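Chemist: need a structure here:
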Amino acid sequence: MRIIISVLLLSFLAACQLLPISQKEQYLTVLHTNDHHGRFWHNEDGEYGMAARKTLIDQLRHEATQQGHNVILLSGGDINTGVPESDLQIAEPDFKGMSLIGYDAMAIGNHEFDNPLSVLDQQIAWSNFPLLSANIIDKKTNQPAYQSYAIIQKGTLKIAVVGLTTTDTAKIANPQYIGHLDFVTPSVATKPLVDKIKSKYNPDVVIAVTHMGHYHNASHGINAPGDVTLARALKPNTLDMIIGGHSQEPICMDKQGNPDTKFKAGKACWPDKQNGIWIMQAHEWGKYVGKAVFKISNGDKALVSYELIPVNLKNEHGHFISEEIAKDEALYNFLLPYQEQGALKLAGSVGSVDQYLDGKRNTVRFEQSLLADLIINAQAEAVGADFGIISGGGIRASIKEGEVSYKDILKVHPFKNRVAYIDWRGQDLVQYLNVVASFPPDAGAYLQYHKIDFTINNGAVTVKTINNKPFDVNKTYRMSINSYNASGGDGYPVISNYKNYQSTDVTDAQALRIYIEKHSPVKVEQL
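Modeler: Below you'll find the predicted structure:
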């Protein structure tokens, strides 16, 4: 009897081993972040930072492998731009830090085009993981300009990762850098590519890493369509999940599939699901690491658990929300010289302002701003202009009342745009204003202007005064503008090829620094 039972048991085990891998029950833990924006170092309150992130990710990897799970780590892109210490070093500590943490792939974000493309090439060289985008096409060759996808083996799982970038990049990135590139509709790029990947590699899991934004129920407004639109446009089972970025939000849904508007760090969370595709995003700056656990069996991928794990975030009382995560010593020591070098370049005050200047996104993209007045004054003075304009999206931070450092200025102006000017005939100026004054609120293109007064009636602009003098349609006026908007950035008309246009070698940050140094203490109400 014992012999019979033993034979039967051995036969059963042998049969199990003969099952195709795709039919065995396996687990995949997906870790993800997005919209890093230069935050390689923790902030002044000790929150987030890559050293603590590495400790957390190492711990999550260890726990997952102990349970027999395969683990993949992905990023939704936008590593560049946001913190001067990083910006001054073209995100070298950030990309090298990601390599040391062990990222497997990332989406190319729109801010990866804030610098000349030679910088992006260097960042790709620094990275031991692929930077992906399938819908950025070189106009000359009609081929993808960057790596479209990667096949990543994790244990017995073959994972296909496809990259996608927001089509808004065409208008919000610097036209001088991306003029030779097309940003095609993500679903159009995805359908044939995934079919090709499945035919060639037969992957167990297909993931899109995207930098497109999550807009509930596909209500993307003035933004380019995002992850929800993509998921709904695809045939069922094209993708298993989307790891996103760009809208910089923690995607958290309730049981009815509605956004959890009361989500805060430490609260339970569940991703969105559209057309059978899970959509995840982990806010911004490395504040969270997203963790999704999937059970894979017979080709089905069931989400077992999901959480957004805070990385040393504090509550309103200044206390850590959960137990403080220790900083990985090796990564901390690797990043420290970059932080010290950046801080050295930024040390010291350049002057002062007599009140708080609000540069928050929900101010400068919705209404006229005193900070914009200061910026335009600085640029107009630099080029001897009568008035000036900038798009609200070019203002990236506020300035506190009191002493102002160069770091404060570089937070406001991280893009290194050149100060420029154009001499307009009055009639041509009105035609130009008819376009740029029409951009709606809640857009990066929203017009900030100073030293010009005009009204809009049925889409037509009537200029009343320039520099406090009555407007004369027959006169010529000098307008300050930055090289980004002049080249068509944010959808502005291209004027950089006009004969009466001139770009200087002075950056917007340099112009603001010179102005504050010269006029300090700056009295804001007198701008």
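
Chemist: what ranges does the stretch 201-350 of the chain have for its strands?
Modeler: 205-211, 241-243, 272-274, 277-280, 288-297, 300-310, 349-353 (DSSP state E, counting those that start in this stretch).

Chemist: dump those to CSV, plus mean neighbour count, distance to residue 92 and mean pLDDT.
Modeler: Every residue, glycine included, has its C-beta placed from N, CA and C. As requested, those are arranged in CSV below (neighbours: other CB atoms under 10 Å; distance: least, CB to CB, whole Å; pLDDT from 0 to 100):
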stretch, mean neighbour count, distance to residue 92, mean pLDDT
strand 205-211, 28, 21, 98
strand 241-243, 29, 24, 98
strand 272-274, 19, 34, 96
strand 277-280, 25, 28, 98
strand 288-297, 20, 23, 97
strand 300-310, 17, 27, 96
strand 349-353, 17, 25, 95
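
Chemist: ok now stretch 215-230, how far from the chain's centre?
Modeler: 16 Å (CA atoms, centre = their mean, to the nearest Å).

Chemist: quick one: end-to-end distance for it.
Modeler: 11 Å (CA to CA, to the nearest Å).

Chemist: contact partners of that stretch?
Modeler: 164, 166-168, 186-187, 190, 208, 210, 212-214, 232, 242, 244, 246-247, 258-259, 272, 274, 279, 281, 440, 442-443 (CB atoms under 8 Å, 6 or more residues apart in numbering).

Chemist: list the residues that contact residue 447.
Modeler: 389, 391-392, 436-437, 439.

Chemist: how does it look with 7 Å?
Modeler: 389, 391, 436-437, 439 (CB atoms under 7 Å, 6 or more residues apart in numbering).

Chemist: closest to residue 254 among those residues?
Modeler: Comparing the contacts of residue 447 against residue 254 with CB to CB places residue 439 closest, at 34.5 Å.

Chemist: and the helix or strand harbouring residue 100, what does it pack onto?
Modeler: Using DSSP states H and E, residue 100 sits within helix 92-101. Judged by 3 or more CB pairs under 7 Å, 6 or more residues apart in numbering; DSSP states H and E, the packing partners of helix 92-101 are helix 50-66, helix 117-126, helix 329-346.

Chemist: return the most buried member of those helices.
Modeler: Neighbour counts averaged per stretch over the helices and strands packed on helix 92-101 are highest for helix 50-66, at a mean of 19; criterion: mean count of other CB atoms under 10 Å.

Chemist: how much does it deviate in direction from strand 300-310?
Modeler: Orientation of helix 50-66 against strand 300-310 (axes from the mean of the first three to the mean of the last three CA atoms, to 10 degrees) gives an angle of 150 degrees.

Chemist: now do helix 50-66: distance to the chain's middle.
Modeler: Distance, centroid of helix 50-66 to centroid of chain: 24 Å (CA atoms, centre = their mean).

Chemist: of the contacts of residue 447, buried ones?
Modeler: By neighbour count, with 16 or more other CB atoms under 10 Å, the contacts of residue 447 hold 389, 391, 436-437, 439 as buried.

Chemist: so of those, which ones are in helices?
Modeler: With DSSP state H as the criterion, helices contain residue 436 from among these.

Chemist: looking at the buried ones among the contacts of residue 447, which is nearest residue 32?
Modeler: Nearest to residue 32 among these: residue 391, at 30.8 Å, using CB to CB.

Chemist: so the closest one is in contact with residue 490, correct?
Modeler: Yes. Contact criterion CB atoms under 7 Å: residue 391 and residue 490 qualify, at 4.5 Å.

Chemist: who touches both of these two?
Modeler: What both residue 391 and residue 490 touch, as defined by CB under 7 Å, 6+ apart, is the set 444-445.
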